[in-house]
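Participant: Would you be able to build a 3D model of this:
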Amino acid sequence: TGVVPFVALLLLQRRPVAGRALLVAGSGCPGHSLCRSNVQEQTRRQVALLNATAQDLFSLYLKCQGEPFSSETDKLCNPSGVFFPAFRVNRTSERKEVMVAMYKLFAFLNASLGNITRDQEELNPTAKELLDRLHNTTKTTRGLISNLTCLLCKNYNIFQVDVSYGESSKGKSAFKKKQQGCQVLRKYVQVIAQAARVLLPHLSPP
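Facilitator: A predicted model of the protein is given here:
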């Protein structure tokens, strides 16, 4: 375990790696200076957007991989075969606990999307719609991480979070790269729906 820069993309590891994300530089939070006035509403919208677009992203990914992924989705894309951070919070959990779990989830997802995008740029360089969707999802995820950083610092003075990053696909065969992306995105569809149900009530206006 070590300290890694905030939103570090640990893409080169061959197995799940634990690390500590340093959310902000220095030994503490810089007060409210890194927060926008509408940060809570913006965070709510970002989670809602990711949830609303996750299934379409997965379906488009499947389409672009071709056979046998389209016809054997349940077998090849079973997410039990990939690491994904545990998400054990629910709507009755403490808000602080929810925010930390969300940060861990989206830090992992951001790195995983980087892996998948890199592989698809190599394997499907002409799949413009898919690549655009992956880039847009990554951009939204990065913005969400930034807002979660703000909320953790502002409300709880938390500036370091222990995180885990998934296995890199670098060096694997084309089929294995496609399969890993398929497994991660299918799990993402499931987890983002749960995350939205848990987080959105905590971000609703009083």
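
Participant: And the strands in the protein?
Facilitator: Along the chain, counting by DSSP state E, strands occupy 3-5, 17-22, 160-165.

Participant: rank the ones you listed by pLDDT, which is bottom?
Facilitator: Lowest mean pLDDT within the strands of the chain: strand 3-5, at a mean of 34.

Participant: Any idea how many residues pack against Lys176?
Facilitator: 12 (other C-beta atoms under 10 Å). From N, CA and C alone the C-beta is placed, and that goes for glycine too.

Participant: From Tyr188, how far out is the closest residue to it other than its chain neighbours?
Facilitator: Excluding the flanking residues, the one nearest Lys176 by C-beta to C-beta, 6 or more residues apart in numbering is Ser169, at 6.8 Å. Per C-beta to C-beta, to the nearest Å, Ser169 is found 15 Å from Tyr188.

Participant: more neighbours, those two?
Facilitator: Tyr188 (25 against 22).

Participant: how close does the more buried one sit to Lys176?
Facilitator: With C-beta to C-beta as the criterion, Tyr188 and Lys176 are 18 Å apart.

Participant: Also Phe58?
Facilitator: Distance, Phe58 to Lys176, using C-beta to C-beta: 18 Å.

Participant: before we move on, what about Leu49?
Facilitator: Counting by C-beta to C-beta - Leu49 and Lys176 are separated by 30 Å.

Participant: try Thr149
Facilitator: Computed as C-beta to C-beta, the Thr149 to Lys176 distance reads 33 Å.

Participant: remind me which residues of the protein are low pLDDT?
Facilitator: 1-34, 204-206 (pLDDT under 70).

Participant: so who does the nearest residue in space to Gln190 that is not next to it in sequence touch?
Facilitator: Computed as C-beta to C-beta, 6+ apart, the closest residue to Gln190 that is not its neighbour in sequence is Pro79, at 7.2 Å. Listed by C-beta atoms under 8 Å, 6 or more residues apart in numbering, the contact set of Pro79 reads 183-184, 186-187, 190.

Participant: again, only using 10 Å
Facilitator: Neighbour list for Pro79: 182-191 [criterion: C-beta atoms under 10 Å, 6 or more residues apart in numbering].
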